[in-house]
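Engineer: how would this look folded up:
(2 chains)
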2 protein chains.
Amino acid sequence: MSRRMQILRRATEIFERQGVAQTSIEDIAQAVGLKREAIYYYFKSREEILLEIILPQSASLILNLRGVIHQADLSSMDKLRGAIEVHLNSFNPGYLEMSVMLRENHVFKDLRKLQELRRAWRDYSELWVDLVREGQARGEFDPALDPKMTAFGLLGMCNWMSRWYQPGKGVTIPELIDTFFRIGAHGIALNGAGEVVN
Amino acid sequence: MSRRMQILRRATEIFERQGVAQTSIEDIAQAVGLKREAIYYYFKSREEILLEIILPQSASLILNLRGVIHQADLSSMDKLRGAIEVHLNSFNPGYLEMSVMLRENHVFKDLRKLQELRRAWRDYSELWVDLVREGQARGEFDPALDPKMTAFGLLGMCNWMSRWYQPGKGVTIPELIDTFFRIGAHGIALNGAGEVVN
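Structural biologist: Numbers count the residues shown, from 1 in each chain, chains lettered A, B, ... in the order given. Okay, here's the model as predicted:
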């Protein structure tokens, strides 16, 4: 494993364990067994490390969601379940905190990469909006619902778990997938189509 | 208006306009027309100002939600609508960012006040869980749903708007209330009870 990759791996672990806000370049350096300056040889800032961690994660989220949405033989209801599965199974406690840190960091310097990340998030949300639109066009989802508000509502339900979910305690990811799919499916089904959900 | 209150008012405006992460004590001092040191006479840190702003907002959110939930003549479905109304009408772009900043600030010093805030958030979430439980007991909501996951899912749908909602652009708060109530109500209604929603 390259030195660069090694730094990214350890940084990911630390960010997830103690939170981004509480992690300094110094902490990362110590974990890899390097001097602070050695980290700066590879990365300009903590934010650049964050971006390098989060970009590939975002890209694979999009790929997985596309895989679900482009399956021709699935009903929109099945795609909704698949989308919730992809989303919650990719969940890791660090991802959303990292996103928040980057999203709110208006003074962030590497604009090109930040734009790349913003584009990834936009593409991902757009796929959810498409999923809702397709289900409406097929008569599976309630056409009276605004597709964007609906997609963002469903995504919000899933994303908010970053605030309260504790891995290994209480509910499990499969239980969450079942519950959120049940609520989401009944919530947006065209009247009478609700019985596809059990 | 006391000097202290004046500082809190201007700080709220600035936090909402430019974001907490981008606001320094210096910015607040300039806006009030005081020196930095004068601000520190009233508040120990930016976080203490945040807490002073957010605590009364949280308390009034709880009071308003209690007002809805304790109305004896309302169905649970009506209470759900009322709860979403209270929540989204109290929405202001700064509130959630402030919450995130405080929630993630593990090094925060004034533990007593931070605990007060955490208690407020817990009480507020508990009221939502109670609302779901009551609706299940009354046969209005699906009893197969876990009340906590359900309440947190609904809250998540509402809270996530802090990430994408732009006041004055696109959808309005009343439209969001309608959409989220429609999804939430159909999502958790006991089969056949869905027709109470229009």
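Engineer: quick one: mean pLDDT over stretch A:175-184.
Structural biologist: For stretch A:175-184, mean pLDDT rounds to 96.
Engineer: hmm, I typed the wrong one, I wanted stretch A:140-152.
Structural biologist: On average, stretch A:140-152 scores 96.
Engineer: helix or strand right after the helix or strand where residue A:121 lies?
Structural biologist: Element membership for residue A:121, per DSSP states H and E: helix A:111-137. The C-terminal neighbour of helix A:111-137 among helices and strands, as given by DSSP H and E, is helix A:147-159.
Engineer: run the chain-centre distance for that following helix.
Structural biologist: Offset of helix A:147-159 from its chain centre (Cα atoms, centre = their mean, to the nearest Å): 13 Å.
Engineer: for chain A, which element, helix or strand, carries the lowest mean pLDDT?
Structural biologist: helix A:93-104 (a mean of 64; mean pLDDT, DSSP states H and E).
Engineer: touching, residue A:1 and residue A:8? I think so.
Structural biologist: No. Using Cβ atoms under 8 Å, residue A:1 is not in contact with residue A:8, being 9.6 Å away. C-beta here means a position set from N, CA and C on the backbone, and glycine is covered the same way.
Engineer: how many residues are close by residue A:32?
Structural biologist: By other Cβ atoms under 10 Å in any protein chain shown, 18 other residues sit near residue A:32.
Engineer: please report the distance of it from residue A:16.
Structural biologist: 16 Å (Cβ to Cβ, to the nearest Å).
Engineer: likewise residue A:154?
Structural biologist: Distance from residue A:154 to residue A:16, by Cβ to Cβ: 25 Å.
Engineer: neighbour count: the two, which is higher?
Structural biologist: Comparing residue A:154 with residue A:16 by neighbour count (other Cβ under 10 Å), the higher total belongs to residue A:154, at 30 against 18.
Engineer: give the contact list for that one.
Structural biologist: A:80, A:84, A:128, A:132, A:180, A:184, A:188, B:157, B:183 (Cβ atoms under 8 Å, 6 or more residues apart in numbering or on different chains).
Engineer: 6 Å - rerun?
Structural biologist: residue A:184 (Cβ atoms under 6 Å, 6 or more residues apart in numbering or on different chains).
Engineer: any idea how far it lies from residue A:165?
Structural biologist: On the measure of Cβ to Cβ, residue A:154 and residue A:165 end up 17 Å apart.
Engineer: same deal with residue A:185?
Structural biologist: Following Cβ to Cβ, the distance that separates residue A:185 from residue A:165 is 21 Å.
Engineer: give me the below-cutoff pLDDT ranges for chain A.
Structural biologist: Across chain A, the ranges flagged by pLDDT under 70 are A:92-94, A:96-110, A:192-198.
Engineer: spell out which parts of it neighbour chain B.
Structural biologist: A:21-22, A:104, A:106, A:146, A:149, A:152-153, A:156-157, A:159-160, A:164, A:171, A:179-180, A:183, A:186-188 (Cβ under 6 Å from any Cβ of the partner chain).
Engineer: give me the buried subset of those.
Structural biologist: A:104, A:146, A:149, A:152-153, A:156-157, A:159-160, A:171, A:179-180, A:183, A:186-188 (16 or more other Cβ atoms under 10 Å in any protein chain shown).
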